[in-house]
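Visitor: With the sequence up front, the predicted model follows.
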Amino acid sequence: MGSSPGGAPAAASSERDASRKWWALVAICGGTFMLLVDVTIVQVALPRIQRELHASFTNLQWVIDAYALTLSALILTGGTLADRLGRKRVFVGGLGVFTLASLLCGLSGSITVLIFARALQGFGGAAMFATSLALVAQEFRGPERAGAIAAWGATVGGAVAVGPLIGGVLTDGLGWQWIFFVNIPVGLATIAISLTRMVNVRDPGAERLDWAGLVTFSGALFLLIFGLLRGTDEGWGSTLIVSTLAGAAVLLCAFLFVELRQRRPMFDLSLFANRAFCGVSLATFAVGAGMFAMFPYLTLYLQNALGYSPLQGGLRLLPATVLTFVVPLLTRGLAARRPPGALLGAGLALTALGLTLMHGLSAGSHWTALLAGLLLVGTGIGLANPAIANIALGVVPPERSGMASGISNTFRIGGLAVGVAGLGAIFEHRIGTSLEKSLGGTQQDLAKAVASGGTRAAEALAHGRAGIVEASLRAFASGLNEILLIGAGLVLVGAIGAVSLVRLRDLHRRPAAGPQAVSEAETART
């Protein structure tokens, strides 16, 4: 049989392009894994950080929230910047900042320096997270995109899965600093792959950065988190806290006003007219605030209340975290056969049920009291993660996928930041109330110590007084029970929103131009 003269070169070119985009997916998943694993890997090390750097309960919350705050505040800007400058450029720049900040975290000699370096990590993480889904969308079409998104969703779950285990191994074996140092070789390798395998694609209609939107949104989020973190210490009716929360509300209103006046805003408020957008945004925020924000407190319970080492505590979270990795791979075919809202709602409903089953802890409970709930939570999140990604990309035209990725991840990480702060305030308040009921009098100092250091801190403050350790363990369990129910309620609201609001007809179906065509057009313009 004959063949056309151009057949062999065309086939070779096609093979090279296929190889290139799958290598690009490796880089995308590598960057996503690194930035998300730094949420769960740090959680396992919190008790060790607390003891070595003499951190307070609020300091520990800031170790999580400094990262989540800058990450969520800048994701929208990262998505807009990616649409303007090109997704590859922004992704690689974020990788560089994140890797450098990881080095600074590991070298930190005080809790203040660590918190600052964690905030810097968030800057780099925002650029990476804002572009991750957009890069998947630009590289893959049709059935291949479903497989790529499933791999991305499994990466999100895998980061949650191995984070506690890696964190436990490194913290026990080498010290908590190595949970950050491990990012350096991964970051450098991912940068090398990205530079050689990715195509730089941008939105031809993108305009200048929305500085007014950035300042008002970031300021509102910072004031909200600050108020929630400091409310218990300063008093919820104090001038500082009332002013801070009021300032957050004013800046949020200013942000909405600014965005309505922009021709091409970083947050297109007209999306709220799309029911599917409202549903997925509510669901994404709810799972961040109600579930992912719960992991630091489960970690504190396992290590500071039950006395497990970082590695032992990480192993006991594996029933949930492994399933968040495995379930997206096992159920990847469901997305094509089930309504996206139903799949997302089912995942969140299972997660809410799992949190409810973990409720009911007592001073005599063992870690196995969490087991059934952890299994359901892992299954639920594993179902929800790919569904969120598919819906988030579907609510906007493909050429604005950078903005879509940024909005989706802003709700996810913003939910985490608000959840850690809000649940922490309730947790600490409940511990204080329980201690006062058991021991009498004001127990604010003991409550702060127990919240961050558990029974070990209670023993140090007991000074021979009987019953303090037992009362502290009861108080810790009581505080965890309360936030477990609140988290379950939040996730259930997200499930209801997903089922009732996300409809297939509200998603865009129009395919985007191929990445090669767009990149060539960009080259011609420049």
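Guide: Looks like it arrived, so ask away. Please read these numbers as outputs of a predicted model, since none were measured by experiment. Numbers count the residues shown, from 1 in each chain.

Visitor: Grab the CA positions of stretch 165-182 and hand them over as CSV.
Guide: Provided in CSV are the C-alpha atoms of stretch 165-182 (Å, rounded to 0.1, in the frame of the first residue of the first chain):
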residue,chain,number,x,y,z
LEU,A,165,2.2,10.1,56.0
ILE,A,166,5.1,12.1,54.5
GLY,A,167,4.7,14.7,57.2
GLY,A,168,4.8,12.1,59.9
VAL,A,169,7.9,10.3,58.5
LEU,A,170,9.8,13.6,57.9
THR,A,171,8.9,15.1,61.2
ASP,A,172,9.7,12.0,63.2
GLY,A,173,12.8,11.2,61.3
LEU,A,174,14.5,14.4,60.3
GLY,A,175,12.5,17.3,62.0
TRP,A,176,9.6,19.4,60.9
GLN,A,177,11.9,21.6,58.8
TRP,A,178,12.2,18.8,56.2
ILE,A,179,8.5,19.0,55.3
PHE,A,180,9.5,22.2,53.5
PHE,A,181,12.9,21.2,52.3
VAL,A,182,11.4,18.3,50.4
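
Visitor: Distance from that stretch to the middle of the chain?
Guide: Centroid separation for stretch 165-182 versus its chain: 20 Å, with Cα atoms, centre = their mean, to the nearest Å.

Visitor: helices and strands around whatever helix or strand Cys105 lives in, which ones?
Guide: Assessed by DSSP states H and E, Cys105 sits inside helix 87-107. Helix 87-107 makes packing contacts with helix 7-52, helix 57-85, helix 111-139, helix 178-181, helix 183-197 when contacts are defined by 3 or more Cβ pairs under 8 Å, 6 or more residues apart in numbering; DSSP states H and E. Any C-beta I mention is one placed from the backbone N, CA and C, and that applies to glycine too.

Visitor: So which elements touch the second one?
Guide: So that's helix 57-85. Using 3+ Cβ pairs under 8 Å, 6+ apart, the elements in contact with helix 57-85 are helix 7-52, helix 87-107, helix 111-139, helix 211-234, helix 295-300, helix 401-439, helix 444-462.

Visitor: Which of the ones you listed comes out lowest on mean pLDDT?
Guide: Note on those: lowest mean pLDDT is at helix 444-462, with a mean of 67.

Visitor: pLDDT at the nearest residue to Leu114 once chain neighbours are set aside, what is it?
Guide: Residue nearest to Leu114 in three dimensions, not counting chain neighbours: Ser108, with 3.9 Å by Cβ to Cβ, 6 or more residues apart in numbering. Listed pLDDT for Ser108 reads 91.

Visitor: Wait, Ser108 touches Ala119, no?
Guide: No. The criterion here is Cβ atoms under 8 Å, and Ser108 misses it with Ala119 at 12.0 Å.

Visitor: Let me see the contact set for the spatially closest residue to Thr40 that is not a sequence neighbour.
Guide: Leaving aside its sequence neighbours, Thr40 sits nearest to Gly163 (Cβ to Cβ, 6+ apart; 2.9 Å). If you count contacts by Cβ atoms under 8 Å, 6 or more residues apart in numbering, Gly163 has them with Leu36, Val37, Asp38, Val39, Thr40, Ile41, Gln43, Val44, Gly314, Thr321.

Visitor: how far away is Gly163 from Thr155?
Guide: Between Gly163 and Thr155 the computed distance is 12 Å (Cβ to Cβ, to the nearest Å).

Visitor: Kindly report the same for Leu374.
Guide: 21 Å.

Visitor: what's the answer for Pro397, then?
Guide: Separation of Pro397 from Thr155 (Cβ to Cβ): 25 Å.

Visitor: These two: which is more packed in?
Guide: When Pro397 and Thr155 are compared for neighbours, Thr155 comes out ahead with 24 against 12, by other Cβ atoms under 10 Å.

Visitor: For that one, list the residues it contacts.
Guide: Residues in contact with Thr155 (Cβ under 8 Å, 6+ apart) are Cys29, Thr32, Phe33, Leu36.

Visitor: State the pLDDT value of Gly347.
Guide: 92.

Visitor: ok, back up a step: and of the contacts of Thr155, the nearest to Tyr308?
Guide: Leu36 (23.4 Å; Cβ to Cβ).

Visitor: In terms of helices and strands, where is the residue nearest to Thr40?
Guide: Gly163 belongs to helix 142-173 when elements are defined using DSSP H and E.

Visitor: got the angle for that helix vs helix 111-139?
Guide: Angle between the axes of helix 142-173 and helix 111-139 is 160 degrees (criterion: axes from the mean of the first three to the mean of the last three Cα atoms, to 10 degrees).

Visitor: quick one: helix 142-173 to helix 401-439, angle?
Guide: Here helix 142-173 runs at an angle of 40 degrees relative to helix 401-439 (the same axes, to 10 degrees).

Visitor: Quick one: mean pLDDT for helix 142-173?
Guide: Mean predicted confidence for helix 142-173 is 76.

Visitor: could you check the angle helix 7-52 makes with it?
Guide: Orientation check (the same axes, to 10 degrees): helix 142-173 against helix 7-52 gives 30 degrees.

Visitor: Does Arg275 touch Val502 like I think?
Guide: Yes. Counting by Cβ under 8 Å, Arg275 touches Val502, with 7.1 Å between them.

Visitor: So for the two, which sits in the more crowded spot?
Guide: When Arg275 and Val502 are compared for neighbours, Val502 comes out ahead with 29 against 17, by other Cβ under 10 Å.

Visitor: Just list the residues touching the residue most central in space within the chain, thanks.
Guide: Central residue of the chain (Cα atoms, centre = their mean): Ile413, 4.2 Å from the mean position. Counting by Cβ under 8 Å, 6+ apart, Ile413 makes contact with Ala68, Leu71, Ser72, Ile75, Phe129, Gly288.

Visitor: how about a markdown table for those residues, with neighbour count and distance to Ile407 added?
Guide: Formatted as a markdown table, the contacts of Ile413 follow (neighbours: other Cβ atoms under 10 Å; distance: Cβ to Cβ, whole Å):
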| residue | neighbour count | distance to Ile407 |
| --- | --- | --- |
| Ala68 | 29 | 16 |
| Leu71 | 34 | 14 |
| Ser72 | 29 | 11 |
| Ile75 | 29 | 8 |
| Phe129 | 29 | 11 |
| Gly288 | 27 | 13 |
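
Visitor: For those residues, give me JSON lines that also has distance to Ala498.
Guide: Output for these, formatted as JSON lines (distance: Cβ to Cβ, whole Å):
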{"residue": "Ala68", "distance to Ala498": "23"}
{"residue": "Leu71", "distance to Ala498": "23"}
{"residue": "Ser72", "distance to Ala498": "20"}
{"residue": "Ile75", "distance to Ala498": "21"}
{"residue": "Phe129", "distance to Ala498": "21"}
{"residue": "Gly288", "distance to Ala498": "14"}
